[in-house]
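A.B. asks: Test case, fold it:
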Amino acid sequence: MTFYRDRVVPRLVNWACGSRGMERWRARACEGLSGVVVEIGFGSGLNVPHYPDAIELVYAVEPSVLANRLAAKRIAGARIPIHHVGLDGQALPLPDGSCDAALITFTLCTVDDAPLVLKEMMRVLKPGGQLHFLEHGRAPDLATARWQTRLDPLERRMAGGCRLTRDPLALIVSAGFRLVWSDQRYARGPKPWSFFTVGVATTPPE
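C.D. replies: Residues are numbered from 1 along each chain as shown. The predicted structure follows:
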């Protein structure tokens, strides 16, 4: 499974999460980002084309060597400097309060300890700093949620640890972030994988 996880999953994610239908979702998640941004789960750089010009610098956190290679062309063509700063969102190599905003897209479903990742983002963000997010997760209708529960063990094995049953909005609020806005709805595709949550939250002010 190591070969599959390291050499196949990043390509599958790049293909599945880079489809044309995803572009408007990514654009919406990135809208309003500015200043110094940390992106956890940078992947193959699929958000790069949607970065606003107001961003000054992006710190990219991504554990996959292959995903970093797939991102090289997007990084080279970016208008904004992008620096890889770490492999693990659970231990960010950044000082407290050093970032204006954080960006996560399809990240909370995969990380081992989502509350710890959110705690780290809270730490590195300035007071009142923004968290922009686009995630998939547990569906509101019981029939789809039951299928997600059935499929979750297979999903974790085949998609690099991805969970179908996490509730991203509940995780973000439980971590202490203050919700500014959010939108939850089904995107195109099979329902167990396509209940999306997009929005912005902030850290508490000083």
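
A.B. asks: My guess is H132 contacts C30. True?
C.D. replies: Yes. Between H132 and C30 there is a contact at 6.5 Å, judged by CB atoms under 8 Å. C-beta: built from backbone N, CA, C; applies to glycine.

A.B. asks: Identify the contacts common to those two.
C.D. replies: Listed as contacting both H132 and C30 by CB atoms under 8 Å, 6 or more residues apart in numbering are L103.

A.B. asks: For the protein, which residues score under the pLDDT cut-off?
C.D. replies: Residues of the chain meeting the criterion pLDDT under 70: 1.

A.B. asks: Spell out, range by range, the helices that occur in it.
C.D. replies: Counting by DSSP state H, the chain has helices at residues 2-3, 9-16, 23-30, 65-70, 72-76, 114-124, 142-158, 168-174.

A.B. asks: hey, which of these is tucked in deepest?
C.D. replies: Stretch with highest mean neighbour count among the helices of the chain: helix 114-124 (a mean of 20; mean count of other CB atoms under 10 Å).

A.B. asks: What number of residues are in the vicinity of the closest residue in space to D113 that isn't next to it in sequence?
C.D. replies: Nearest non-adjacent residue to D113, counting by CB to CB, 6 or more residues apart in numbering: Q90, 5.7 Å away. By other CB atoms under 10 Å, 18 other residues sit near Q90.

A.B. asks: so how far is D167 from R79?
C.D. replies: According to CB to CB, to the nearest Å, R79 stands 35 Å off from D167.

A.B. asks: Which residue of those two possesses the greater neighbour count?
C.D. replies: Higher neighbour count among R79 and D167: D167, with 16 against 9, using other CB under 10 Å.

A.B. asks: Could you pull up the residues touching the more buried one?
C.D. replies: 137-138.

A.B. asks: ok so, going back, any chance of JSON lines for the helices of the chain, columns distance to L94?
C.D. replies: Formatted as JSON lines, the helices of the chain follow (distance: least, CB to CB, whole Å):
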{"stretch": "helix 2-3", "distance to L94": "29"}
{"stretch": "helix 9-16", "distance to L94": "24"}
{"stretch": "helix 23-30", "distance to L94": "20"}
{"stretch": "helix 65-70", "distance to L94": "18"}
{"stretch": "helix 72-76", "distance to L94": "19"}
{"stretch": "helix 114-124", "distance to L94": "5"}
{"stretch": "helix 142-158", "distance to L94": "29"}
{"stretch": "helix 168-174", "distance to L94": "19"}
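
A.B. asks: how about the ones you listed, which one is nearest H50?
C.D. replies: H50 lies closest, by CB to CB, to one member of those: helix 23-30, at 4.2 Å.

A.B. asks: then the closest one to CSV, C-alphas only?
C.D. replies: C-alpha atoms of helix 23-30 as CSV (Å, rounded to 0.1, in the frame of the first residue of the first chain):
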residue,chain,number,x,y,z
GLU,A,23,-13.0,25.7,-10.0
ARG,A,24,-15.9,27.8,-8.8
TRP,A,25,-15.7,26.2,-5.4
ARG,A,26,-12.0,26.9,-5.0
ALA,A,27,-12.4,30.4,-6.3
ARG,A,28,-15.1,31.0,-3.7
ALA,A,29,-12.9,29.7,-0.9
CYS,A,30,-10.0,31.8,-1.9
